[in-house]
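>>> could you work out the structure for the sequence below:
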Amino acid sequence: MRFSQFAISLNVADVAASAQFATEMLGFAEQMTADGFCSLAHSETGTNLIFLRVGLESFRPASVAGAADGMLLVFTVDDLDDQFDRLVANGASVVTRPETEPWGERYCQFSDPNGVIYQLVQWVETPDPQYANITP
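Alright, predicted model coming up:
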(Lines give C-alpha, C1' and ligand atoms only; values in the text may rest on other atoms or scores of the structure.)
Protein backbone atom coordinates (compact mmCIF):
# COMPACT_ATOMS: atom_id res chain seq x y z
CA MET A 1 0.00 0.00 0.00
CA ARG A 2 1.31 3.44 -0.89
CA PHE A 3 0.13 6.49 1.04
CA SER A 4 0.44 9.97 -0.36
CA GLN A 5 -0.23 11.73 2.96
CA PHE A 6 -1.01 11.04 6.60
CA ALA A 7 -3.37 12.98 8.85
CA ILE A 8 -4.81 12.56 12.28
CA SER A 9 -8.18 14.10 13.05
CA LEU A 10 -9.22 14.99 16.59
CA ASN A 11 -12.51 16.18 18.04
CA VAL A 12 -12.04 19.13 20.37
CA ALA A 13 -14.34 21.63 22.04
CA ASP A 14 -12.36 24.69 20.88
CA VAL A 15 -10.87 24.21 17.41
CA ALA A 16 -9.16 27.60 17.38
CA ALA A 17 -7.38 26.97 20.70
CA SER A 18 -5.91 23.62 19.58
CA ALA A 19 -4.95 25.05 16.18
CA GLN A 20 -3.23 28.01 17.82
CA PHE A 21 -1.24 25.71 20.14
CA ALA A 22 -0.09 23.50 17.25
CA THR A 23 0.91 26.46 15.07
CA GLU A 24 2.61 28.59 17.72
CA MET A 25 4.25 25.84 19.76
CA LEU A 26 4.94 23.08 17.22
CA GLY A 27 5.36 24.84 13.88
CA PHE A 28 2.25 23.61 12.07
CA ALA A 29 0.71 25.90 9.43
CA GLU A 30 -2.97 26.36 8.65
CA GLN A 31 -4.07 24.79 5.36
CA MET A 32 -7.86 25.05 5.48
CA THR A 33 -10.37 26.37 7.94
CA ALA A 34 -14.14 26.62 8.22
CA ASP A 35 -16.73 26.73 10.97
CA GLY A 36 -15.82 23.91 13.36
CA PHE A 37 -12.87 22.71 11.29
CA CYS A 38 -9.17 23.45 10.88
CA SER A 39 -6.58 21.49 8.91
CA LEU A 40 -2.90 22.05 9.67
CA ALA A 41 0.28 20.74 8.04
CA HIS A 42 3.89 20.49 9.15
CA SER A 43 6.32 21.25 6.34
CA GLU A 44 9.21 19.19 7.75
CA THR A 45 7.32 15.97 8.43
CA GLY A 46 4.44 16.03 5.97
CA THR A 47 2.13 15.37 8.91
CA ASN A 48 -1.39 16.79 8.78
CA LEU A 49 -3.34 17.56 11.93
CA ILE A 50 -7.05 18.21 11.73
CA PHE A 51 -9.26 19.56 14.48
CA LEU A 52 -13.03 19.14 14.34
CA ARG A 53 -15.43 20.72 16.80
CA VAL A 54 -17.20 18.16 18.97
CA GLY A 55 -20.80 17.81 17.85
CA LEU A 56 -20.43 18.45 14.12
CA GLU A 57 -23.32 16.69 12.35
CA SER A 58 -21.02 15.73 9.47
CA PHE A 59 -18.68 13.68 11.71
CA ARG A 60 -18.68 9.94 10.91
CA PRO A 61 -18.96 7.52 12.56
CA ALA A 62 -21.21 9.27 15.06
CA SER A 63 -20.51 6.55 17.63
CA VAL A 64 -16.99 7.96 18.24
CA ALA A 65 -17.79 11.66 17.96
CA GLY A 66 -16.33 12.59 21.37
CA ALA A 67 -12.81 13.49 22.37
CA ALA A 68 -10.31 10.60 22.30
CA ASP A 69 -9.14 9.44 25.71
CA GLY A 70 -5.72 7.87 26.10
CA MET A 71 -4.30 9.27 22.87
CA LEU A 72 -0.86 10.86 22.64
CA LEU A 73 0.46 12.77 19.64
CA VAL A 74 4.14 11.85 19.58
CA PHE A 75 6.84 13.76 17.73
CA THR A 76 10.52 12.75 17.64
CA VAL A 77 12.97 15.63 18.01
CA ASP A 78 16.77 15.95 18.11
CA ASP A 79 16.87 18.48 20.95
CA LEU A 80 14.27 17.50 23.52
CA ASP A 81 15.61 19.54 26.43
CA ASP A 82 15.92 22.69 24.32
CA GLN A 83 12.39 22.20 22.99
CA PHE A 84 11.07 21.60 26.49
CA ASP A 85 12.62 24.86 27.68
CA ARG A 86 11.27 26.74 24.64
CA LEU A 87 7.72 25.46 25.11
CA VAL A 88 7.76 26.21 28.85
CA ALA A 89 9.07 29.74 28.14
CA ASN A 90 6.16 30.20 25.70
CA GLY A 91 3.60 29.18 28.30
CA ALA A 92 2.85 25.58 27.30
CA SER A 93 1.14 23.49 29.98
CA VAL A 94 3.56 20.78 31.18
CA VAL A 95 2.10 17.32 31.76
CA THR A 96 5.38 15.42 32.25
CA ARG A 97 8.82 16.98 32.66
CA PRO A 98 11.68 15.30 30.73
CA GLU A 99 12.26 11.69 31.80
CA THR A 100 14.38 8.89 30.34
CA GLU A 101 13.06 5.33 30.11
CA PRO A 102 15.49 2.41 30.63
CA TRP A 103 15.35 1.60 26.89
CA GLY A 104 16.62 5.07 25.87
CA GLU A 105 13.40 6.95 25.16
CA ARG A 106 13.71 10.45 26.63
CA TYR A 107 10.38 12.24 26.56
CA CYS A 108 8.26 15.06 27.92
CA GLN A 109 4.58 15.90 27.52
CA PHE A 110 2.45 19.02 27.14
CA SER A 111 -1.28 19.60 26.81
CA ASP A 112 -3.09 22.12 24.67
CA PRO A 113 -6.11 24.10 25.93
CA ASN A 114 -8.44 21.20 24.99
CA GLY A 115 -6.36 18.60 26.84
CA VAL A 116 -4.75 17.09 23.72
CA ILE A 117 -1.46 15.55 24.91
CA TYR A 118 1.66 16.15 22.83
CA GLN A 119 4.70 14.02 23.61
CA LEU A 120 8.18 14.93 22.42
CA VAL A 121 10.66 12.05 22.20
CA GLN A 122 14.40 11.92 21.74
CA TRP A 123 16.25 8.63 21.56
CA VAL A 124 19.36 8.62 23.75
CA GLU A 125 21.94 6.07 24.82
CA THR A 126 20.23 3.13 26.51
CA PRO A 127 20.87 3.50 30.24
CA ASP A 128 19.89 -0.11 31.09
CA PRO A 129 22.05 -2.84 29.45
CA GLN A 130 19.10 -5.28 29.24
CA TYR A 131 17.61 -3.00 26.55
CA ALA A 132 20.81 -2.64 24.52
CA ASN A 133 19.37 -4.50 21.50
CA ILE A 134 16.30 -2.27 21.14
CA THR A 135 16.60 0.25 18.35
CA PRO A 136 14.16 3.06 17.65
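
>>> any idea of the mean pLDDT in stretch 108-126?
In this model, stretch 108-126 has an average pLDDT of 93.

>>> for that stretch, buried residues please.
108-110, 112, 114, 116-123, 126 (16 or more other Cβ atoms under 10 Å). Every C-beta, even on glycine, is put in place using the N, C-alpha and C of the backbone.

>>> same question, stretch 38-47
Within stretch 38-47, the residues scored as buried using 16+ other Cβ under 10 Å are Cys38, Ser39, Leu40, Ala41, His42, Thr47.

>>> elements contacting the least confident helix or strand in the chain by mean pLDDT?
Counting by mean pLDDT, DSSP states H and E, the chain has its least confident helix or strand at strand 6-12, which shows a mean of 91. Applying 3 or more Cβ pairs under 8 Å, 6 or more residues apart in numbering; DSSP states H and E, one finds that strand 6-12 contacts strand 47-53.

>>> packing partners of the strand it packs on?
For strand 47-53, the packing partners by 3+ Cβ pairs under 8 Å, 6+ apart come out as strand 6-12, helix 15-26, strand 37-41.

>>> now the longest one: average pLDDT?
Over the span of helix 15-26, the pLDDT mean works out to 97.

>>> what's the answer for stretch 34-41, then?
On average, stretch 34-41 scores 95.

>>> got the contact list for that stretch?
Under the contact criterion Cβ atoms under 8 Å, 6 or more residues apart in numbering, stretch 34-41 has outside partners 7, 15-16, 18-19, 22-23, 28-33, 47-53, 56.

>>> which of these are buried?
By neighbour count, with 16+ other Cβ under 10 Å, the contacts of stretch 34-41 hold 15, 18-19, 22-23, 28, 47-53 as buried.

>>> quick revisit: including distance to Val64, could the buried residues of stretch 38-47 go into TSV?
Conversion of the buried residues of stretch 38-47 to TSV gives the following (distance: Cβ to Cβ, whole Å):
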residue	distance to Val64
Cys38	19
Ser39	19
Leu40	21
Ala41	24
His42	25
Thr47	21
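
>>> all strands for this protein, in order.
6-12, 29-34, 37-41, 47-53, 72-76, 93-100, 105-111, 117-123 (DSSP state E).
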